[in-house]
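> how would this look folded up:
(2 chains)
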Amino acid sequence: TQTVSQSDAHVTVFEGDSVELRCNYSYGGSIYLSWYIQHHGRGLQFLLKYYSGNPVVQGVNGFEAEFSKSDSSFHLRKASVHWSDSAVYFCAVSRMDSNYQLIWGSGTKLIIKP
Amino acid sequence: EAAVTQSPRNKVAVTGGKVTLSCNQTNNHNNMYWYRQDTGHGLRLIHYSYGAGSTEKGDIPDGYKASRPSQENFSLILELATPSQTSVYFCASGPRLGANTGQLYFGEGSKLTVL
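This next block holds a predicted model:
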C-alpha cells in the first residue's frame, strides 16, 4: 500500500521564523510530488511540484521543497513565515502507473503566532 | 486564471432525500474529481472522470453517483442521502498528462449537512 505521511498534525512558529513541514512517502516508482495549501474555509491551492531535475523546487510566496530519494521525503520550507501563511498544508503523490491519481497526506496545520 | 466553481456552497438535506452537487470548470481540463474532506480523514476520492461521458469510481464511491455530461461540468449525486454523508465536498480539475501533471485546481467546497 502506497502512503503519504505527514507526521506533524500541527506546527506552531512565530511570525518571521523559518519553518519546515515534513512529508514522507512509500513508493519506489516514478512519481510526481506536490504541495497544496488550504486556508480556513477555502479550497486547496497548488504550491509547487517535483518530478525530476533539481531536487529543490521553488513555489509561490517564498515556499520551496526539497526532494530526497534516499529519505523518501519531500519537505516544504519557508525562510520567514507571515501571518497569512497560517493554513493547512497537504503533501500529495501522483503515481505514473495509476493514471496519475493523487494520494494525499493527512495535512499539517501551520499556526503562526504574532 | 483557472477556475472551478461549485454549487451550492451550502446545502441542508433530509435523510433519504436526493442531493446533487454541481461543478463547472473553465480550464478545459480533461480530468475532474470529487473529494470529500472530513476531520481525521483528509481528502478522500469519491469519483473522477477522464472526459465527457466518463466516470470512474474512486476510493469511497458507495452511496454516490457521478455524471460528466460535458468537458466543463461534473456532478456528484446522492440518491438517498444519509447523515454519514455530512461533509465538505470538493471538486477539482486537472490536466490528463503533461507538464502540469499532479497540479489540480480546486473549487471552494460545498458544505453538505444531512439531518
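> So which other helices or strands are in contact with the strand or helix carrying B:Lys111?
B:Lys111 belongs to strand B:110-114 when assigned by DSSP states H and E. Applying 3 or more CB pairs under 8 Å, 6 or more residues apart in numbering or on different chains; DSSP states H and E, one finds that strand B:110-114 makes contact with strand B:10-13, strand B:19-25, strand B:87-94. From N, CA and C alone the C-beta is placed, and that goes for glycine too.
> ok, now with 7 Å
Using 3 or more CB pairs under 7 Å, 6 or more residues apart in numbering or on different chains; DSSP states H and E, the elements in contact with strand B:110-114 are strand B:10-13, strand B:87-94.
> so which of these comes closest to chain A?
strand B:87-94 (5.9 Å; CB to the nearest CB).
> So is that closest one next to chain A?
Yes - Strand B:87-94 is in contact with chain A by CB under 7 Å from any CB of the partner chain, via B:Phe90.
> So which residues make contact with that strand?
With contact meaning CB atoms under 7 Å, 6 or more residues apart in numbering or on different chains, strand B:87-94 is reached by A:43, B:4, B:6, B:21, B:23, B:25, B:27, B:29, B:31-38, B:74, B:76, B:103-107, B:109-112.
> For chain A, which residues are neighbours of chain B?
Residues of chain A lying near chain B by CB under 7 Å from any CB: A:32, A:34, A:42-44, A:46, A:49, A:94, A:100, A:102, A:104-107.
> Buried ones from these, can you make that a ChimeraX selection?
Applying 16 or more other CB atoms under 10 Å in any protein chain shown to the residues of chain A next to chain B, the buried members can be selected in ChimeraX as follows:
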select /A:32,34,43,44,46,49,94,100,102,104,105,106,107
